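Engineer: this one's structure only:
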Ligand code: KIV
């Protein structure tokens, strides 16, 4: 698709019902079981508490809802940092639950892990730019990559991941021009989020574009529906009908033939 200059669409899914709807829509080229599930589904402040059990369970659910989809599953905090054997076991576990590929946050420092996982036959997507699993190390969700040395490092990280065999890279919250340079420099697709229009594709947290994230909606997300409001209106109507006696309606008693 990169060679044909066709934009790639990736959307998050965490459960079977959403995966079913996204698969039926045909809108997404890939589904991402992101560790954002910690914030979106489990109510955490960061992705750090998300465990292998969490991602494995949600991967299984998404696979059940979208049997034919290309599913990328996040390797959560520290799951690929403890040692090669643990990394491989964890990547393998997500594949057995239904992932088609795994996604790892990190650059040059994880290139060795990426190479080992790819060599074992597991496709790997990289994740550069803002790396939410390192939120405390970088001092919060702040704008980065404005300084030339940060930009140089990012480009080196991107090349290292490509050379290690990653099939694509997510690039989160970097300046548009930097994203454009990285996209042009790599042979593999760059999927942007909050990184401007010049990437090979875009990923969004599905809840953000559907208007389900309320005050947590990031500024770069465009809302295509207001499902949070629609849900509130629907459950309000149900409650009113129950309280007024309008629901349920009495059923006519079946007649018994003598
Ligand atoms: O976890 C996630 O949803 C992600 C996207 C923001 C790219 O990594």
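Structural biologist: The structure has been received and is ready for your questions. The structure presented is a predicted model; accordingly, all values stated were derived computationally and were not measured.
Engineer: burial measure for the residue of the chain found nearest the ligand, as a count.
Structural biologist: For the chain and the ligand, the shortest gap (CB to the nearest ligand atom) falls at residue 34, measuring 2.3 Å. For every residue, glycine as well, the C-beta is placed using N, CA and C. A count of neighbours around residue 34, defined by other CB atoms under 10 Å, yields 30.
Engineer: so what's it closest to, chain neighbours aside?
Structural biologist: Nearest non-adjacent residue to residue 34, counting by CB to CB, 6 or more residues apart in numbering: residue 12, 4.8 Å away.
Engineer: wait, that neighbour touches residue 212, no?
Structural biologist: No: in this structure, residue 12 is not within contact of residue 212 by CB atoms under 8 Å, at 11.4 Å.
Engineer: of those two, give the one with the bigger neighbour count.
Structural biologist: Counting neighbours by other CB under 10 Å for residue 12 and for residue 212 shows that residue 12 has the greater number, 25 against 20.
Engineer: from residue 85, how far out is the more buried one?
Structural biologist: When CB to CB, to the nearest Å is applied, the distance between residue 12 and residue 85 equals 29 Å.
Engineer: residues from the protein in reach of the ligand?
Structural biologist: Contact residues (CB under 6 Å from any ligand atom) of the chain with the ligand: 12, 32, 34-36, 74, 127, 170, 172, 193, 203, 205.
Engineer: in strands, which of these fall?
Structural biologist: Mapping the residues of the chain next to the ligand onto strands (DSSP state E) picks out 12, 32, 74, 127, 170, 172, 193, 203.
Engineer: out of those residues, who has the most neighbours?
Structural biologist: residue 74 (31 neighbours).
Engineer: for it, which residues count as its bridge partners?
Structural biologist: Beta bridges link residue 74 to residue 103 when assigned by DSSP bridges.
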